[in-house]
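here's my sequence, what's the structure:
(one chain, ligands or ions: 2)
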Amino acid sequence: MTPEQAKARIEELTRQINYHNHLYYQEDRTEISDFEFDKLLEELIRLEKEFPQFLEPDSPSQRVGGTITKEFETALHEYRMLSLGNTYSEEELNAFDERVAKGLGHRNYEYFCELKFDGVAISLVYENGKLVRAVTRGDGTRGDVVTENVKTIKNIPLHVKGNDIPAKFEVRGEIFLPKKEFEKINAEREANREPLLANPRNAASGTLKMQDSAIVAKRRLNCYFYQLLGEDIGVNKHDEAIHLIEKWGFNVSPTYTKCKNMEEVFRYITLWKEKRFELPLDTDGVVLKINDYDQREELGFTAKIPRWAIAFKYQTESAASELLSITYQVGRTGAITPVANLAPVLLAGTTVKRASLHNANEIERLGLYEGDTVMVEKGGEIIPKITGVVLEKRKPGSKPIAYIDHCPECETPLIRKEGEAKHFCPNAKGCPPQILGRIEHFVHKRAMDIDSLGTERIKTLIDQKYISNFADLYELESKADQLLGLEMSQDQYQKSDDGYLFISLPKAFFALTEGLSLTSIQKFCERYAEQPLREVLDNFEMFIRTSNKKVAQNIGTIRKLEEILFTSHLPQMEDYLPVPVVLNVLIGNWISLEDLIKASLHENTVHGIMIKLNLPISSEQEERIKKMKANTFQEGVITNMLEGIRASKAQPFERVLFALGIRNIGENTAQILARHFKNIDNLKEANTEELLAINGVGETLVESIHAYFKDPENLQIIERLKAHGLKFEVEATEKALESEVLKGLKILASGKLNHFKRDEIIDFIEANGGQYLKAVSKSLDFIIEGEDMGPSKKEKAEKLGIKMISEEEFLQLVGKKS
Ligand SMILES: NC(=O)c1ccc[n+]([C@@H]2O[C@H](COP(=O)([O-])OP(=O)(O)OC[C@H]3O[C@@H](n4cnc5c(N)ncnc54)[C@H](O)[C@@H]3O)[C@@H](O)[C@H]2O)c1
Ligand SMILES: [Zn+2]
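Numbering: from 1, shown residues only. Ligands and ions are numbered 1, 2, ... in the order given. Predicted coordinates:
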């Protein structure tokens, strides 16, 4: 490489790395994998070493990747917060160890090994045992002060108690969003039609930077600590420091270990390679640190990283597999997500059979053809993804994947909005998964609270066309007798992209054989879950032989199934069989496979297909078909369901208003609007000015309220719900006030109070006629200032000139104290 070429490449790499750093740290998103990113950085470092004349002082190789934001106060770190060197290769790890040995001049040292947690670095400063400041890493020298947000994390000690607590110390750790929480939040966001969070790390980082710590508190962040700093902390080894902070009540992941040599280090690395997926958070490698602080000092730092530590990163595993078919899932918001069905392949300790394809762009980007061999990767994400196509293995004559243009659930032509990656089904009111989303919201605990209507039951009622809107629920009572025996269609079915119904292997095997129990078949299927379908079928023959029940007959049936299955041109799906093929084996004498395939198109259940066909089958055949069906609605279930629906009529207006699912009306807004307008008609008639005058109501909300009431269908449903006795006005007796001393006053409490718990103060204020506001705004009459009121809140309040009173003064005001 000539110096000119090197210069140009260094500039290009610098530009790219800065761009990805910006995305990663400021916008909490990524366009390339960490591995790709690390490769870019590695190349830059290599070139800068070779051509030191082009090394700029502000090169990304010399700086920590993050920066501070504009939204928070900043603070200087007493000890700089650095990056870690990293490597993906064992060879380089050994080279690191050699450098350490050379630097110290002997091999008399130990490594402390920890997992590398994939979250957001945080520094907590304690003075006299009290948490005084929480600061992000920022640019390494200066970070954002996010104390208020960090205080909402339950297991971070606000006070550290004990005899040997240094007057001042700092602990560092990694804030993360547990994987379970992440999934829960995304499920909720999906139900509320909000954009999904990309991954737990970005979610944690985004949450930490929020302005409203009340929302942060709801996110249930967690933190693992791995460092103690300070002048007089009285320890000289890292393991001692870790035990100390454990003792002081900091959350330390119990995954650490001490290693005497590289052999032990590699054992640790191997141990956690797959076990780490069982941890509550994402991890992307292992960190080795020299245990002894004097030795650390001897080794020192570079501009960006310590020389006494390194991260070994696990390279994401990938494997090749065959693309069997693509299923298009319709989300509760109508968003379409293509999912690849793959021949099973072992990856990072689990068998992978499906991979997310995200959207049409992704399929296009990959250039997928039918039946392609693809590379699958399992990274930090929960769902594996396809990273590329093995072109040499493309089947001759195969065609590019054609994206669907109609909704697989309701046949409506799909739309794609400007600038959006996903296709949507616009049939919000008639598309089953979208109806499901709305009704799930309607029956939610905090809305109409009908817990006897679980997802499975709602889905069944939608599939069988008993309900398509809220009002239909209240008319089920008159149809109770028809509900008896209805098939619950949740688990055992799947649909292919072109709308064919598939049934799970256990159910199919159960119907196809005689004398075998469903439980034993399910156990068999679990045992062979990792094998491709053909092998599962072969093994099932063995299973029939060993269980010794009607062997000849059962094996004959399975052979017949194989013959039809592998000669039919239906798509294939692991773990499932096409329903028309199974039916063909069971009742082939009555009807041809072609006719069965035709009849099963766009049907949701075996029950539905059989009704459509209306064949004169024998009762024996009927019995066997019945074995494929799901659980059915029994009398007890129906009674219980209808009881729950009836009871929901007592829900107060604010809950009903929330349940309607008007865009942007959350629980709190519903409460505010209900109290303000008293009934639905007042709300319907309210004009823009009237609405905007209400605290907490903005333009978007006004728009969605108006759009909602403009739709005649919505009005009709409200009329029907009214006729069924749902509450569309505030009950006069709804809140008997204890007093009116706070009448007309808008109040906020901040910091820790002694006489009230968090929610108690809100109830107390409201019970005495006042209104509780959740944020500092100029419409407040006063703020009750508790202990440790957040400095940013306080500053804002002072700026706005809002009166602040102590808890004592407040108690006097309401006459609780003289
Ligand atoms: N994909 C992208 O576009 C992109 C962009 C920028 C950065 N990245 C990735 O993010 C990382 C950036 O590096 P960085 O400087 O934030 O972190 P780093 O990889 O240099 O490691 C330092 C950080 O590791 C964390 N850490 C986790 N567990 C730890 C433990 N047990 N002990 C000590 N520290 C621990 C700390 O937060 C610390 O700040 C790299 O892994 C890089 O691949 C990716
Ligand atoms: Zn649809």
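
walk me through the domains of the protein.
Listed by automatic domain parsing, the domain ranges of the chain are 3-54, 74-313, 317-393, 432-486+634-646, 493-626, 651-723, 746-813.

can you add distance to ligand 2 and mean neighbour count and give those domains back as JSON lines?
Every C-beta, even on glycine, is put in place using the N, C-alpha and C of the backbone. As requested, the domains of the chain are exported to JSON lines (distance: least, Cβ to the ion, whole Å; neighbours: other Cβ atoms under 10 Å):
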{"stretch": "domain 3-54", "distance to ligand 2": "29", "mean neighbour count": "15"}
{"stretch": "domain 74-313", "distance to ligand 2": "15", "mean neighbour count": "18"}
{"stretch": "domain 317-393", "distance to ligand 2": "6", "mean neighbour count": "18"}
{"stretch": "domain 432-486+634-646", "distance to ligand 2": "7", "mean neighbour count": "18"}
{"stretch": "domain 493-626", "distance to ligand 2": "12", "mean neighbour count": "17"}
{"stretch": "domain 651-723", "distance to ligand 2": "17", "mean neighbour count": "16"}
{"stretch": "domain 746-813", "distance to ligand 2": "37", "mean neighbour count": "16"}
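
mind putting those domains into CSV with distance to T412 and mean pLDDT?
Listed next are those as CSV, based on distance: least, Cβ to Cβ, whole Å; pLDDT from 0 to 100:
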stretch, distance to T412, mean pLDDT
domain 3-54, 31, 91
domain 74-313, 17, 92
domain 317-393, 9, 87
domain 432-486+634-646, 10, 91
domain 493-626, 13, 90
domain 651-723, 16, 92
domain 746-813, 40, 86
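
tell me which residue lies nearest the centroid of this protein.
Centroid check for the chain by Cα atoms, centre = their mean gives E183 as the closest residue, at 2.9 Å.

and that one, which of the three is it?
Classification of E183 by DSSP: H, G, I helix; E, B strand; the rest coil places it in helix.

ok, and does stretch 197-215 reach over to ligand 1?
No: Stretch 197-215 is not in contact with ligand 1 by Cβ under 6 Å from any ligand atom; minimum separation 8.6 Å.

ends of that stretch, what's the gap?
In stretch 197-215, first residue to last residue: 15 Å (Cα to Cα, to the nearest Å).

chain center to that stretch, what's the gap?
When distances are taken as Cα atoms, centre = their mean, to the nearest Å, stretch 197-215 is centred 12 Å away from the chain's centroid.

residues in contact with that stretch?
Residues external to stretch 197-215 that are found in contact with it (Cβ atoms under 8 Å, 6 or more residues apart in numbering): 25, 28-30, 69, 71-72, 118-120, 122, 136, 144, 146, 148-152, 175-179, 182, 185-186, 189, 216, 219, 221, 281-282, 380-381, 774-775, 790.

rerun at 7 Å
The contact list for stretch 197-215, computed with Cβ atoms under 7 Å, 6 or more residues apart in numbering, reads 28-29, 69, 71, 118-120, 136, 146, 148-149, 152, 175-177, 179, 182, 185-186, 216, 219, 221, 281-282, 380-381, 774-775.

same thing with stretch 225-242?
Residues outside stretch 225-242 that contact it (Cβ under 7 Å, 6+ apart) are 79, 112, 114, 166, 168-173, 244-245, 250-252, 256, 258, 289, 291-294.

please enumerate the strands of the stretch 701-818 of the chain.
With strands called from DSSP state E, counting those that start in this stretch, the stretch 701-818 of the chain shows them at 746-750, 771-772, 782-785, 803-806.

adding distance to V581, write those out as a markdown table.
A markdown table is the format used below for these (distance: least, Cβ to Cβ, whole Å):
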| stretch | distance to V581 |
| --- | --- |
| strand 746-750 | 65 |
| strand 771-772 | 62 |
| strand 782-785 | 69 |
| strand 803-806 | 74 |
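
which one of these lies closest to ligand 1?
strand 746-750 (30.2 Å; Cβ to the nearest ligand atom).

just checking, what packs against the closest one?
strand 782-785 (3 or more Cβ pairs under 7 Å, 6 or more residues apart in numbering; DSSP states H and E).

the strand it packs on - contacts with which helices or strands?
Here strand 782-785 touches strand 746-750, strand 803-806, going by 3+ Cβ pairs under 7 Å, 6+ apart.

other SSEs contacting the last one?
Same thing as strand 803-806. Counting contacts by 3+ Cβ pairs under 7 Å, 6+ apart, strand 803-806 is packed against strand 782-785.

who does the strand it packs on pair up with?
strand 746-750 (parallel), strand 803-806 (parallel) (DSSP bridges).

residues in contact with it?
Taking Cβ under 7 Å, 6+ apart as the rule, strand 782-785 contacts 747-751, 797, 802-807, 810.

T14 is nearest to which of the strands paired with strand 782-785?
strand 746-750 (44.7 Å; Cβ to Cβ).

run through who's touching that closest one.
761, 765, 770-773, 776, 779-786, 789-790, 793.

how far does it sit from its chain's centre?
Here strand 746-750 is found 33 Å from its chain centre; the criterion is Cα atoms, centre = their mean.

likewise for stretch 14-21?
28 Å.

go on, stretch 487-499?
Remark: stretch 487-499 is offset 24 Å from the chain centroid, using Cα atoms, centre = their mean.

CA atoms only for it, dumped as CSV, please.
Provided in CSV are the C-alpha atoms of stretch 487-499 (Å, rounded to 0.1, in the frame of the first residue of the first chain):
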residue,chain,number,x,y,z
GLU,A,487,-62.5,-25.9,18.4
MET,A,488,-59.8,-23.8,20.0
SER,A,489,-57.4,-23.3,17.2
GLN,A,490,-54.3,-21.9,18.8
ASP,A,491,-51.4,-24.3,19.1
GLN,A,492,-51.5,-27.1,16.6
TYR,A,493,-52.0,-25.1,13.4
GLN,A,494,-49.7,-23.1,11.2
LYS,A,495,-50.3,-21.6,7.8
SER,A,496,-48.0,-21.6,4.8
ASP,A,497,-47.4,-18.4,2.9
ASP,A,498,-49.9,-19.4,0.2
GLY,A,499,-52.6,-20.1,2.8
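
which residue packs closest to A121, ignoring adjacent ones?
Leaving out its chain neighbours, the residue that sits closest to A121 by Cβ to Cβ, 6 or more residues apart in numbering is R137, at 4.3 Å.

if you could redo that for R446, that was the one I meant.
Nearest to R446 is E667, by Cβ to Cβ, 6+ apart, at 5.7 Å.
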